Structure formats: C-alpha cells, structure tokens
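Engineer: my questions are about this predicted structure, shown below with the sequence.
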Amino acid sequence: MEKVDQKLAGILVMSGYLAGFGQFKITPGLEDTPVLHCHGMSDPMVPFGMAEKSRDKAIEKGATDYKLEGYAGLQHSVCPQEIADAAQFLSRILPPDDSCKIQLKDPSEMSVKELKEAIRKAGLGSKAVGLMEKAEFVKLVKDHRE
C-alpha cells in the first residue's frame, strides 16, 4: 500500500458505520487521522453496536485517534449536544485560516455550460429565463454570490 503526500484534517461520522470491515485498510501514514464518531444509543436504523464494532475494527486496523461518542435516547437523528460536539471537533481539526476554504471559480472565467449549471444548482433558473448573452449569465451568478 502506498503512502500519501496529503492528509485529511479528520473524519466526522454521524449515525454511520464502517461497511466492509473485512476489506478495510488504513493507508500507512494516516493512522493518526482524528475520527469523531457520533451515534445515538437508541438508533433503530443503525444500532449502536454497529458503531462500537466500527470503532473496534478501525482501531484493530491501526487507527490511533478514534472517539466514539454515544448519545442516550437519541435515535437516527441529531441532537444539540451532538451538533456542539461536532462543531468543537471541526474547530479543533480545521486550520484557523482560509487555507482549506473552497475557492469558487470566477463566473467570468466559466463556460456557458458551467454558468448554467451554477445557476441551476443555486435555484436561479426562473431568473435566467430570457437571458441570451454570456455576460447576462455571468452577472446573475456574480449578483447571487454577493
């Protein structure tokens, strides 16, 4: 198995489990990737035991920073404490600056196809009716982003 040049800041799991235990491997050098696994202890869809088994298998495969946080009475949902724990975890693992911020492509550098897709994803289709020129699409996307 190859080593990697870049590492994930961390992994946040909410009401999930590790599928394919038998095939799961951790890439060398990523064993210390922080994992916060939040799970309702009354989850009828993904029983808490599956979360415990996921943690145990990940640790067995070499994970060294895996925390399973159970929430009493919580079903397959979220609660304020879980959201607070997730936010605290993310603020701990993500850089304090904009180095991990996604940089959006400048609309003036987009193709018409990319502009139309951005307009569709932003739910701006009704505002694009009747637009013909690329400059009009660019203006619509720029105005939406501001």
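Structural biologist: Everything's here; your move. None of these values were measured; they are calculated from a predicted model. Numbers count the residues shown, from 1 in each chain.
Engineer: for the rest of this, base every contact and every neighbour count on C-alpha atoms.
Structural biologist: Will do.
Engineer: so residue 94 touches residue 9, yeah?
Structural biologist: Yes: under the criterion of Cα atoms under 8 Å, residue 94 is in contact with residue 9, at a separation of 6.1 Å.
Engineer: which elements pack onto the host helix or strand of residue 82?
Structural biologist: Here residue 82, judged by DSSP states H and E, is contained in helix 80-93. Packed against helix 80-93 by the contact rule (3 or more Cα pairs under 8 Å, 6 or more residues apart in numbering; DSSP states H and E) you find strand 35-40.
Engineer: and the contacts of the strand it packs on?
Structural biologist: Here strand 35-40 makes contact (Cα atoms under 8 Å, 6 or more residues apart in numbering) with 10-16, 48, 51, 65-78, 82, 86, 89.
Engineer: and for stretch 132-141?
Structural biologist: Outside stretch 132-141, the residues that touch it by Cα under 8 Å, 6+ apart are 107-108, 112, 115-116, 118-119, 127-128, 131.
Engineer: name the pair among those residues with the greatest separation in space.
Structural biologist: When the contacts of stretch 132-141 are compared pair by pair using Cα to Cα, the farthest-apart members prove to be 108 and 127, with a separation of 18.1 Å.
Engineer: tell me which of those two has more neighbours.
Structural biologist: residue 108 (15 against 11; other Cα atoms under 10 Å).
Engineer: and the residue nearest to that one when sequence neighbours are not counted, what's its pLDDT?
Structural biologist: Counting by Cα to Cα, 6 or more residues apart in numbering, the nearest residue to residue 108 once its immediate chain neighbours are dropped is residue 138, at 5.8 Å. Here, the pLDDT recorded for residue 138 equals 94.
Engineer: residue 138: neighbouring residues, count only.
Structural biologist: Counted with other Cα under 10 Å, residues neighbouring residue 138 total 21.
Engineer: what do you get for residue 137?
Structural biologist: Neighbours of residue 137 under the rule other Cα under 10 Å: 22.
Engineer: cheers, nothing more for now.
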